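**Q** Got a predicted structure here, sequence first:
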Amino acid sequence: MITVQNISKTYNKGAVKALDNINLEIQRGELFGLIGPDGAGKTTLFRILATLLVPDQGTATVNGADVVRDYKAIRRTIGYMPGRFSLYPDLTILENLEFYAAVFGTTIAENYAQIKPIYSQIEPFKHRRAGQLSGGMKQKLALSCALVHQPDVLLLDEPTTGVDPVSRQEFWDMLQLLQKTGLTIVVSTPYMDEADRCDRIGLIQKGKMMSVNTPQGITSGYQPDLYAVRSSNMYQLITDLRQLDGISTCYAFGEDAHVSVASNSGLNAPAMEAFLKQKAHNNIQITPIAASIEDCFIELMR
């Protein structure tokens, strides 16, 4: 459904490289996640796919149509939800939805079945102005507007940023429900924990695609030994472990420190515990763990 070949994009006359030779294929009916921190290049790639930016080099197609040459055809067949809420705050929920339907030459009634799973949750408030909605309701309205013309591809740029955890969960449940209709969905997010909701993910950083695979494929490829380590003084624990030979990375992760150890270093949990006792740490806990997407991301950045 989507192909990206050698796409690069710079800003400020080449001073800032937003995308650096990106290659990607997304299959029809797939729920694909683009995972990376702010400034990684996610929004730039989405704007190119939505025909809002022209790449400096490379080509991209959406459902066989070129993003530069066939931009008008693409705009009729995609739904795009930008990172910032971009609907009209002075219009009501209903007025916003009617406006976007009219732009695409259709009506709410014609496509109600398409938007019903999402729109039905905010329809009781349809006469409330968009600017007065909560973050979760704005999210549902924006998604309804992106779906009202029955697109083939849905591009969602960081749709859950700034939304409460319950609304985030509900949103991903809605996306998986939409995917069952055959819709191709591409979502960008800085939240690593959302990666498991996708069929495949691409990890992107500083304009480079570091890895593309299923979430399980990425975590299963993690090579170092990984431990969750805890003591009474977590700040000092992290400082001390970073000085120990054999430690690849050590960083805070919730209430623990995640510590990766090079496989050929010979360092193990008993040796780590002995070292921490020498440093006067108390209540030491060291547990071998499986890598998360975030652990893999940090390892790939190295």
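**A** Arrived safely, thanks for sending. Numbers count the residues shown, from 1 in each chain.
**Q** residues in contact with E25?
**A** I2, T3, V4 (Cβ atoms under 8 Å, 6 or more residues apart in numbering). Every C-beta, even on glycine, is put in place using the N, C-alpha and C of the backbone.
**Q** Burial check on the last one, number of neighbours?
**A** Right, the one you point to is V4. V4 has 23 neighbouring residues, counting by other Cβ atoms under 10 Å.
**Q** again, but for S167
**A** By other Cβ under 10 Å, neighbour count at S167 equals 18.
**Q** Isn't it up against G135?
**A** Yes - at 6.7 Å, S167 and G135 qualify as touching, with contact defined as Cβ atoms under 8 Å.
**Q** Give me the buried positions along stretch 144-162.
**A** 144-161 (16 or more other Cβ atoms under 10 Å).
**Q** An error on my part: the question was meant for stretch 255-262.
**A** Those would be D256, A257, H258, V259, S260, V261, for stretch 255-262 by 16+ other Cβ under 10 Å.
**Q** Between S167 and G135, which contacts overlap?
**A** In contact with both S167 and G135: no residue, using Cβ under 8 Å, 6+ apart.
**Q** Just the closest of the buried residues of stretch 255-262 to S231, please.
**A** A257 (8.7 Å; Cβ to Cβ).
**Q** Look at the residue most central in space within the chain and report its pLDDT.
**A** Most central in the chain under Cα atoms, centre = their mean is T189, positioned 2.3 Å from the mean C-alpha point. For T189, the model assigns a pLDDT of 90.
**Q** before we move on, what about L241?
**A** Confidence score, pLDDT, at L241: 95.
**Q** Could you check which helix or strand contains the residue lying closest to it once chain neighbours are set aside?
**A** Setting aside the residues directly before and after it, L241 is nearest to C250 in space (Cβ to Cβ, 6 or more residues apart in numbering), at 4.5 Å. C250 belongs to strand 247-253 when assigned by DSSP states H and E.
**Q** Adjacent strands (with direction) for that strand?
**A** Here strand 247-253 is paired, per DSSP bridges, with strand 256-261 (antiparallel).
**Q** if I pick G79, what's in contact with it?
**A** By Cβ under 8 Å, 6+ apart, the neighbours of G79 are A146, L147, H149, P151, V153, L154, L155.
**Q** Show me which pair in those residues is furthest apart.
**A** Maximum distance among the contacts of G79 (Cβ to Cβ): 13.6 Å, for H149 and L155.
**Q** Now do the helices in the stretch 151-300 of the chain.
**A** Taking DSSP state H, counting those that start in this stretch as the criterion, the stretch 151-300 of the chain contains helices spanning 165-179, 215-220, 234-241, 269-278, 293-301.
**Q** Deepest-packed of those helices, please.
**A** Most buried of the helices of the stretch 151-300 of the chain by mean neighbour count (mean count of other Cβ atoms under 10 Å) is helix 293-301; its value is a mean of 18.
**Q** could you check the angle strand 256-261 makes with it?
**A** Angle of helix 293-301 versus strand 256-261, following axes from the mean of the first three to the mean of the last three Cα atoms, to 10 degrees, is 40 degrees.
**Q** what does helix 293-301 rub up against?
**A** Here helix 293-301 has contacts from 35, 192-193, 195-196, 201, 203, 205, 210-211, 215, 218-219, 221-224, 226, 248-249, 251, 253, 258, 260, 291, using Cβ under 8 Å, 6+ apart.
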